[in-house]
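Trainee: Provided below are the primary sequence and the corresponding predicted coordinates.
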6 protein chains.
Amino acid sequence: MPTFHVEMFEGRTVEQKRQFVEAITRTTCEVLGCGPESVDIIIADVKRENWATAGKLWSDD
Amino acid sequence: MPTFHVEMFEGRTVEQKRQFVEAITRTTCEVLGCGPESVDIIIADVKRENWATAGKLWSDD
Amino acid sequence: MPTFHVEMFEGRTVEQKRQFVEAITRTTCEVLGCGPESVDIIIADVKRENWATAGKLWSDD
Amino acid sequence: MPTFHVEMFEGRTVEQKRQFVEAITRTTCEVLGCGPESVDIIIADVKRENWATAGKLWSDD
Amino acid sequence: MPTFHVEMFEGRTVEQKRQFVEAITRTTCEVLGCGPESVDIIIADVKRENWATAGKLWSDD
Amino acid sequence: MPTFHVEMFEGRTVEQKRQFVEAITRTTCEVLGCGPESVDIIIADVKRENWATAGKLWSDD
């Protein structure tokens, strides 16, 4: 029953997300030996002004 | 101090959310024996293109 | 597809969790009109030394 | 490697977020003795209709 | 900067986790075109008494 | 109503957590202009075998 929450910068296309969830699910099933129907992936599109590393917003980069 | 994070597909009306948080809070207090002021609920409206089950985006269904 | 993450202080018995997930799922289905099999609930048992309100750990209360 | 997820009501300006992540990162490094590059902060802007306390949406206040 | 939170049932060995994070990171970099150093994965080992589907704890299965 | 979820490696003492939540709450109130009672901080102690960067578990470092 792996459930993924994935935070990434906004801007990915639906096609990129489609390939991403397909590949991550296949990889997960291969490595953990679970069925694809047990894998849920929820993506959060994060604005660069909402993510900071080392005290600096990525929108300021 | 239960704190809920609830992910659901976007598209619920404010009236549905109002009924939902009222009902979930009442149920929680009844079952766990806590006061309503200790219950926080945060809802995330998730796009169907951001949720996948079995390697397939729900927007592709 | 509502997915719940519920953070509560550790110490609940399995019987309390059993009643809690049963009741929350039933309430959710009634209010949102979804099937029970679409409701996932994940509970995190949080130690009082890991939760603070107003700058004070609950283990110090 | 502290990673922060901070949920706050929407409406903060980028300048407020800039000051916030700078100050939180500095405070974290001082207290925990870690390097700033190890601190990640992800902010979620939450609508008032998506947050409830005591069974009541904040948008109804 | 994808950051993964993965919830799975407890019981995986360190070797399984090692293979899992290696494979997920490689897949992510291939599909999204990012560098491996930008991928963080945090695993939560969830007890079966803390996960419910359809109103039933998995420990009751 | 800022609510913090902070993931850090396990091993911090209660005294370090006490200083951490006190300092983070004070900083948050100064920068965002909110009252301390509106700040909740939940800490997750993460094992090094449950956190990976660049495809490598921190327990393997």
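Mentor: Right, received. Where do you want to start?

Trainee: okay but residue A:52 is in contact with residue D:40, surely?
Mentor: Yes - the pair residue A:52 / residue D:40 is scored as a contact, 7.1 Å apart, by Cβ atoms under 8 Å. C-beta coordinates here come from the backbone N, C-alpha and C atoms, glycine included.

Trainee: what's the helix or strand for the spatially closest residue to residue A:55 that is not a sequence neighbour?
Mentor: Nearest residue to residue A:55, sequence neighbours excluded (Cβ to Cβ, 6 or more residues apart in numbering or on different chains): residue D:25, at 3.4 Å. Secondary structure assignment for residue D:25, by DSSP states H and E: helix D:14-32.

Trainee: what secondary structure does the residue in chain A that chain F sits nearest to sit in?
Mentor: Nearest residue of chain A to chain F (Cβ to the nearest Cβ) works out as residue A:5 at 11.4 Å. Following DSSP: H, G, I helix; E, B strand; the rest coil, residue A:5 is assigned to strand.

Trainee: quick check: closest non-adjacent residue to it.
Mentor: Counting by Cβ to Cβ, 6+ apart, residue E:5 is the residue found nearest to residue A:5 once chain neighbours are left out, at 4.3 Å.

Trainee: isn't the one you found up against residue A:4?
Mentor: Yes - in this structure, residue E:5 is within contact of residue A:4 by Cβ under 8 Å, at 7.2 Å.

Trainee: name the residues contacting each of those two.
Mentor: Listed contacts common to residue E:5 and residue A:4 are nil; contacts here mean Cβ atoms under 8 Å, 6 or more residues apart in numbering or on different chains.

Trainee: what residues are bridge-paired with the residue of chain A closest to chain F?
Mentor: On the basis of DSSP bridges, residue A:5 takes part in beta bridges with residue A:42, residue E:5.

Trainee: surely residue A:25 touches residue A:36?
Mentor: Yes - using Cβ under 8 Å, residue A:25 is in contact with residue A:36, at 5.4 Å.

Trainee: more neighbours: which of these two?
Mentor: Neighbour tally, residue A:25 and residue A:36, criterion other Cβ atoms under 10 Å in any protein chain shown: the higher count belongs to residue A:25, 25 against 15.

Trainee: and the more buried one, what pLDDT?
Mentor: In this prediction, residue A:25 carries a pLDDT score of 98.

Trainee: near chain C, which residues of chain A?
Mentor: Applying Cβ under 8 Å from any Cβ of the partner chain, one finds that chain A approaches chain C through A:3, A:40, A:42.

Trainee: ok, the first one to chain E distance?
Mentor: The reference is to residue A:3. Residue A:3 is 5 Å from chain E, where distance means Cβ to the nearest Cβ, to the nearest Å.

Trainee: one more: residue A:6?
Mentor: Computed as Cβ to the nearest Cβ, the residue A:6 to chain E distance reads 5 Å.

Trainee: residue contacts, that residue?
Mentor: By Cβ under 8 Å, 6+ apart, residue A:6 lies in contact with A:41-44, E:2-5.

Trainee: quick revisit: between residue A:52 and residue D:40, who's got more neighbours?
Mentor: Just comparing residue A:52 and residue D:40: by other Cβ under 10 Å the higher neighbour count belongs to residue A:52, 26 against 21.

Trainee: what helix or strand is that one on?
Mentor: Residue A:52 belongs to strand A:51-53 when assigned by DSSP H and E.

Trainee: starting at the chain centroid, how far to that strand?
Mentor: A distance of 17 Å separates the centroid of the chain from that of strand A:51-53, by Cα atoms, centre = their mean, to the nearest Å.

Trainee: could you give the average pLDDT over it?
Mentor: For strand A:51-53, the mean per-residue pLDDT is 98.

Trainee: stretch A:29-44 now?
Mentor: Mean per-residue pLDDT for stretch A:29-44: 96.

Trainee: what distance separates the start and the end of that stretch?
Mentor: 22 Å (Cα to Cα, to the nearest Å).

Trainee: test my guess that residue A:10 contacts residue A:45.
Mentor: Yes - contact criterion Cβ under 8 Å: residue A:10 and residue A:45 qualify, at 3.8 Å.

Trainee: comparing these two, which residue is more hemmed in?
Mentor: Ranked by neighbour count (other Cβ under 10 Å), residue A:10 and residue A:45 place residue A:45 first, with 16 against 10.

Trainee: tell me which element the more buried one is part of?
Mentor: Assigned by DSSP H and E, residue A:45 falls within strand A:40-46.

Trainee: what's next to that strand, contact-wise?
Mentor: Residues from elsewhere that reach strand A:40-46, judged by Cβ under 8 Å, 6+ apart: A:2-12, A:17, A:20-21, A:24-25, B:7, B:44, B:46, B:50-53, C:3, C:40, D:42, D:44.

Trainee: please repeat the previous calculation with a cut-off of 7 Å.
Mentor: A:3-10, A:17, A:21, A:24-25, B:7, B:46, B:50-53, D:42 (Cβ atoms under 7 Å, 6 or more residues apart in numbering or on different chains).

Trainee: could you tell me the per-residue confidence at the closest residue to residue A:60 other than its chain neighbours?
Mentor: Take residue A:60 and drop its neighbours on the chain: the residue closest to it by Cβ to Cβ, 6+ apart is residue D:18, 6.9 Å away. At residue D:18, the predicted lDDT confidence score is 98.

Trainee: could you do residue A:9 as well?
Mentor: Residue A:9 is given a pLDDT of 97.
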